[in-house]
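In: predicted structure and sequence below. I'll ask about it afterward.
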Amino acid sequence: MVQTFGEKATREVLGSTLARLTREGLDIVCVDADLGYSTSAVKFGQEFPERFFPVGVAEQNMIGVAAGLAACGKVAFCSSFAVFAPGHCFDQLRMAVAQPRTNVKLFASHAGIVTGEDGASAQALEDLALMLSMPTFNVLFPADAVECEQAIEVAARTEGPFYIRALRPKTSVIFDDSYRLELGKWPVLREGGDVTLIACGELVVSALEAAEMLAGEGVEARVLNASSLRPFDKEAIVAAAGQTGAIVTAEDHFVLGGLGSLVSQVLAESVPAPVEFVGMRDRYGTSGTWKELLEHFEMTPEAIARAAKNAIARKSR
Amino acid sequence: MQAQKLSIDEMKDVARGVRRNILRMVHQVNSGHPGGSLSSVEILTALYFGVMRHDPQNPAWPDRDRFVMSKGHATPVIYSTLAAAGYFPEEDLMTFRRLGGKLQGHVVMNKPPGVEMSAGALGMGLSFSLGQALAGKLDGRDYHVFCLLSDGDSQEGQTWEAIMSAAHHRAGNLTAIVDRNHIQNDGYSDGTHYPGNGSRPEGASGGWVLEDGHTTNIMQLDPLAAKYQAFGWKTYEVADGHDLEKLIATLTEAKAHTGQPTALICETTKGKGVSYMENNPDFHGKAPSDEQLAQGLRELGFEN
């Protein structure tokens, strides 16, 4: 059994963490486009109302206002759902944040298929592709609520644009409070020499469960937490390919433009190795509970374990 | 040291020199946007030499008034004005749009110093300006933020998001200035400046594309001042956006107004000061030929 510490949604830690960091002296402001109740940003607004700026349902304006605040020295957070930001405001993120490198931090919740019952329109499966396409954006997809709090703190204390991807449902907490996120590092959560499972977000715990299943069949899988998608850990990818010879990527996002593309590109330029992809491909989501959808679209521990065996089988070719 | 205010006569000289540099900049690289630069010359001259508190030697001064160029394609006018104010050497102007030069085709934040934000996609400046204004209020600084918008800017949805939220947040330290020259990339914004008979057939629902490719009726903005008012802004209509005295008086009044954001709707002439460019959509984004440059400079009273 993979050790977990209960369940908590990654989005639940935004407001409380921003409030704590402001109490610790950071000059944080938060611009809100009518979803702060859902992203928990309102908890910051309750404690620091003069630093909380609702702009109505207007994501383009939200990003522009945040950039202006950042240009005057503020650590400017904004939050929304990933379908709306970056979905509604890609150009604003590009022009007002990415190119001039303003100190704006976008916290986007309700990403991925696990947004669930709201259906395809609400399930952001392309946000990482959009954000990774802008070279100056740091992009983080925390594996649990503990790491999400870390991500918010790292973003707040590091100058420059950040994107933090968060989720709607309460998912497993896999780290204890001593965990520290390091930008550009993909920590090894489990050691193994036969195959490497590289996962991000809520699929990290699924990868750990897949590794347990594989161990039962005599296959030793290494598991990496790819929460820091930019900067990413090229060294860890190259080492995984060299030492285990087979790779699986797992993400709740389109494989094209997401973790799968990123890892494949690094391997193509360094140590080519067979890669199998777990994630969304060639279709949109639909309504269902988040767990049903992960089953339906084959993003489960079983699917990751199957992909691992396929990757290992391709080693000899 | 804070920039000194100039007399009206001195400002007229500055404006003439800015116009000259606009022509020379776009001519030397055979590209750029002269028409919408020439329409904004007096607005920028009034701001930088008559209204704004700023220091060209210290562009990051936290208490400076801010000028945000939302119509980010009209770089020749902002670069020429900043050079005239002393933000950077005038000779840098002739590196405009050139590889290895210091001045890109559309504005880039802090490059050169004095440029407050990156733009080029329209519609983004007013949101950014509002962010700067809100930061000023939060920090207890008494600076003012001026944002220059075009006809095209005023058609972007984001501009209206910003107009709505600036009034909501009582941004009395924010002034929008609309350079209404009524001409944009495709042609005539609203038909009022189309010199022909009738901008489109009676009852037609679309725009009307002329044989030369220009559209006569792109998007109706009027009544623009009433729209700002309905959104909660104090407005000023400036009938001649090239009248320096009127601009300075109105901008000064707008800056002093409190409790709500202010907007100046300035009627201007696209290509102002150069006869063949005036009210001519061709020179929205096209450089003059050698002969046209010579003629334009002569009209401005320069030999070269």
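Out: Noted; the coordinates are in hand. Numbering: from 1, shown residues only, chains lettered A, B, ... in the order given.

In: give the contact list for the closest residue to chain A within the stretch 201-304 of chain B.
Out: In the stretch 201-304 of chain B, the residue that lies nearest chain A is residue B:231 (12.2 Å; C-beta to the nearest C-beta). All C-beta atoms are positioned from the backbone trio N, CA, C, and that covers glycine. Contact criterion C-beta atoms under 8 Å, 6 or more residues apart in numbering or on different chains gives B:160, B:163-164, B:167 as the residues in contact with residue B:231.

In: what about chain A, any weak spots by pLDDT?
Out: Low-confidence segments of chain A, defined by pLDDT under 70, span residues A:316-317.

In: just the helices in chain A please.
Out: When secondary structure is read from DSSP state H, chain A shows helices at A:14-23, A:36-39, A:42-47, A:59-71, A:90-92, A:127-132, A:145-157, A:203-216, A:234-244, A:259-269, A:290-296, A:301-314.

In: from the ones you listed, which stretch is densest packed?
Out: Scoring these by mean neighbour count under mean count of other C-beta atoms under 10 Å in any protein chain shown gives helix A:59-71 as the most buried, with a mean of 32.

In: what stretches of chain B score poorly on pLDDT?
Out: By pLDDT under 70, chain B contains no weakly predicted segment.

In: and residue A:164, how many neighbours?
Out: Applying the criterion other C-beta atoms under 10 Å in any protein chain shown, we find 27 residues in the vicinity of residue A:164.

In: just list whatever residues bridge to it.
Out: With beta bridges defined as DSSP bridges, residue A:164 has these partners: residue A:107, residue A:140.

In: contacts only, for it.
Out: Shown here is residue A:164, whose contacts under the criterion C-beta under 8 Å, 6+ apart are A:105-108, A:140-142, A:148, A:151-152, A:155.

In: burial count for the nearest residue to residue A:212 once chain neighbours are set aside?
Out: Counting by C-beta to C-beta, 6 or more residues apart in numbering or on different chains, the nearest residue to residue A:212 once its immediate chain neighbours are dropped is residue A:2, at 6.4 Å. Burial of residue A:2 is recorded as 18 neighbouring residues (other C-beta under 10 Å).

In: got it, and residue A:188?
Out: Here the neighbour count serves as a burial measure; for residue A:188 (other C-beta under 10 Å) it reads 15.

In: with residue A:86 instead?
Out: Other residues lying near residue A:86 total 28 when counted by other C-beta under 10 Å.

In: residue A:52 contacts residue A:22, doesn't it?
Out: No. The pair residue A:52 and residue A:22 fails to qualify as a contact (C-beta atoms under 8 Å) at a distance of 10.5 Å.

In: which neighbours do the two share?
Out: Looking at what touches both residue A:52 and residue A:22 (by C-beta under 8 Å, 6+ apart), the common residues are residue A:44.

In: how near is residue B:139 to chain A?
Out: The span separating residue B:139 from chain A equals 7 Å under the rule C-beta to the nearest C-beta, to the nearest Å.

In: tell me which stretches of chain B form helices.
Out: Using DSSP H, helices in chain B cover B:8-29, B:35-38, B:41-46, B:75-85, B:125-139, B:157-168, B:224-230, B:244-256, B:290-300.

In: quick one: closest of these to residue A:288.
Out: When these are ranked by distance to residue A:288, counting by C-beta to C-beta, first place goes to helix B:157-168 at 33.5 Å.

In: return the set of buried residues in that closest one.
Out: Of the residues in helix B:157-168, those buried by neighbour count under the rule 16 or more other C-beta atoms under 10 Å in any protein chain shown are B:158-168.

In: and if you look at stretch B:285-293?
Out: Neighbour counts over stretch B:285-293 (16+ other C-beta under 10 Å) mark B:285-288, B:292-293 as buried.

In: would you mind listing the two of those that lie farthest apart?
Out: Within those, B:285 and B:293 form the most distant pair, 16.3 Å apart (C-beta to C-beta).

In: up against chain A, what does chain B have?
Out: B:62, B:108-110, B:116-121, B:123-136, B:138-139, B:157-158, B:161-162, B:164-165, B:168-169 (C-beta under 8 Å from any C-beta of the partner chain).

In: what subset of those is buried?
Out: Buried members of those, counted by 16+ other C-beta under 10 Å: B:108-109, B:116-121, B:123-136, B:138, B:158, B:161-162, B:164-165, B:168-169.

In: close enough to count as contact, residue A:55 and residue B:158?
Out: No. With contacts defined as C-beta under 8 Å, residue A:55 does not count as touching residue B:158, sitting 10.8 Å away.

In: strands along the stretch 101-250 of chain B, start to end?
Out: Under the criterion DSSP state E, counting those that start in this stretch, the stretch 101-250 of chain B contains strands at B:145-150, B:174-180, B:183-184, B:187-188, B:234-238.

In: what packs against the last one?
Out: Going back to what we said before, that points to strand B:234-238. Helices and strands in packing contact with strand B:234-238 are listed as helix B:224-230, helix B:244-256, strand B:262-267; criterion 3 or more C-beta pairs under 8 Å, 6 or more residues apart in numbering or on different chains; DSSP states H and E.

In: of these, which approaches residue B:93 most closely?
Out: Nearest of these to residue B:93, taken as C-beta to C-beta: helix B:244-256 at 22.2 Å.

In: pull out the buried positions in the closest one.
Out: Taking 16+ other C-beta under 10 Å as the basis for neighbour counts, the residues of helix B:244-256 that come out buried are B:244, B:246-251, B:254-255.

In: up against chain B, what does chain A have?
Out: Remark: the part of chain A in contact with chain B comprises A:29, A:31, A:50-51, A:53, A:55-56, A:58, A:60-61, A:63-74, A:76, A:91-92, A:95-96, A:99-100, A:102, using C-beta under 8 Å from any C-beta.

In: let's have the helices of chain A in TSV, adding distance to residue A:113.
Out: Shown next, in TSV, are the helices of chain A (distance: least, C-beta to C-beta, whole Å):
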stretch	distance to residue A:113
helix A:14-23	21
helix A:36-39	18
helix A:42-47	26
helix A:59-71	22
helix A:90-92	21
helix A:127-132	12
helix A:145-157	18
helix A:203-216	11
helix A:234-244	25
helix A:259-269	14
helix A:290-296	5
helix A:301-314	13
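
In: what about these, which gets the closest to residue A:118?
Out: Comparing these against residue A:118 with C-beta to C-beta, the closest turns out to be helix A:290-296 (10.5 Å).

In: which outside residues touch the closest one?
Out: For helix A:290-296, with C-beta under 8 Å, 6+ apart as the criterion, the contacting residues are A:113-116, A:168-169, A:206, A:252, A:285-286, A:288, A:300.

In: next, count neighbours for residue B:203.
Out: By other C-beta under 10 Å, neighbour count at residue B:203 equals 5.

In: now it: phi and psi?
Out: Residue B:203 has phi and psi values of phi 80, psi -10 when expressed as degrees, to the nearest 10.

In: contacting residues for the residue nearest to residue A:61 when sequence neighbours are not counted?
Out: Counting by C-beta to C-beta, 6+ apart, residue B:161 is the residue found nearest to residue A:61 once chain neighbours are left out, at 3.6 Å. The contact partners of residue B:161, taken as C-beta under 8 Å, 6+ apart, are A:55-56, A:58, A:60-61, B:127.

In: mind checking how far residue B:161 is from residue B:154?
Out: Distance check for residue B:161 against residue B:154: by C-beta to C-beta, to the nearest Å, it reads 13 Å.

In: repeat for residue A:41
Out: Taking C-beta to C-beta as the measure, residue A:41 falls 31 Å from residue B:154.

In: ditto for residue A:159
Out: Plainly put, residue A:159 is 34 Å away from residue B:154 if you go by C-beta to C-beta.

In: I'd like the distance between residue B:282 and residue B:212.
Out: Here the distance between residue B:282 and residue B:212 works out to 8 Å (C-beta to C-beta).

In: between those two, tell me which one has more neighbours.
Out: Counted by other C-beta under 10 Å, residue B:282 and residue B:212 do not tie: residue B:282 has more neighbours, with 15 against 8.

In: show me the contacts for residue 113.
Out: Let's take chain A. Residue A:113 sits next to A:123, A:125, A:252, A:280, A:285, A:290, A:293-294, A:297, A:299 when contact means C-beta under 8 Å, 6+ apart.

In: please go with chain B instead
Out: If a contact means C-beta under 8 Å, 6+ apart, then residue B:113 has B:59-60, B:87-88 as its contacts.
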